[in-house]
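K.L.:
Fold the following for me, if possible:
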Amino acid sequence: MTWAVEHPATLQPLARLAERGWLVHHLSVDAAGRINPNGVPKGSVGLGTLILAQNEVGTIQPVSAVAERVHAAGGVMHADGAQAVGKVPVAVDELAVDLLSVAGHKLYAPKGVGALRLSIGRATTESDVHTAVDALAETAAR
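P.N.:
Residues are numbered from 1 along each chain as shown. Down below sits the predicted model:
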């Protein structure tokens, strides 16, 4: 599960998951570019991924509310913190995400350097985390 205004670096791995048979659901946005957490699909959700701070319009997404719904559906939640870290306060535990990725070049590190924070204890299984990491690995490599 993602949203309609996702960054191509995330949409591309999700397209590969769709090619492998995963159902990828795209949440719609309102006029301000904000998603409604109630739009998280009913039933099983394997992975939810959102940009914390949208890079074009600056909308801060309700990641913790979406994470709550994704976890309730048995899924793993990822947030892309590239545009937020260093610009707005980011309290990972308050976001309730299992995975938080950060692009180093947004913080004056060399291009291609990034970080992925894992919260394995919150994920449904370690295998779920590995699946999510595999799906996002190409994003971190760019």
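
K.L.:
Could you pull out the strands in this protein for me?
P.N.:
For the chain, applying DSSP state E gives strands covering 2-3, 26-27, 47-51, 76-80, 99-103, 114-118.

K.L.:
Reformat those strands into TSV and put mean neighbour count, mean pLDDT and distance to residue 16 next to each item.
P.N.:
Glycine gets a C-beta too; all of them are placed from N, C-alpha and C. What follows is the strands of the chain, written out as TSV (neighbours: other Cβ atoms under 10 Å; pLDDT from 0 to 100; distance: least, Cβ to Cβ, whole Å):
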stretch	mean neighbour count	mean pLDDT	distance to residue 16
strand 2-3	22	86	13
strand 26-27	18	90	15
strand 47-51	26	86	12
strand 76-80	28	88	15
strand 99-103	23	85	17
strand 114-118	15	77	18
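
K.L.:
possible to save those strands as CSV with distance to residue 41?
P.N.:
CSV is the format used below for those (distance: least, Cβ to Cβ, whole Å):
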stretch, distance to residue 41
strand 2-3, 11
strand 26-27, 9
strand 47-51, 10
strand 76-80, 14
strand 99-103, 19
strand 114-118, 24
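
K.L.:
Any idea which of those strands gets closest to residue 17?
P.N.:
Proximity to residue 17 (Cβ to Cβ) singles out strand 47-51 among these, at 7.8 Å.

K.L.:
what ranges of this structure fall below the confidence cut-off?
P.N.:
Applying pLDDT under 70 to the chain picks out residues 86, 104-109, 120-126, 128-129, 131-133, 135-142.

K.L.:
which non-adjacent residue is nearest the residue positioned nearest the centre of the chain?
P.N.:
What sits nearest the mean C-alpha location of the chain, by Cα atoms, centre = their mean, is residue 49, with 2.6 Å. Spatial nearest neighbour of residue 49, excluding adjacent residues (Cβ to Cβ, 6 or more residues apart in numbering): residue 78 at 4.2 Å.
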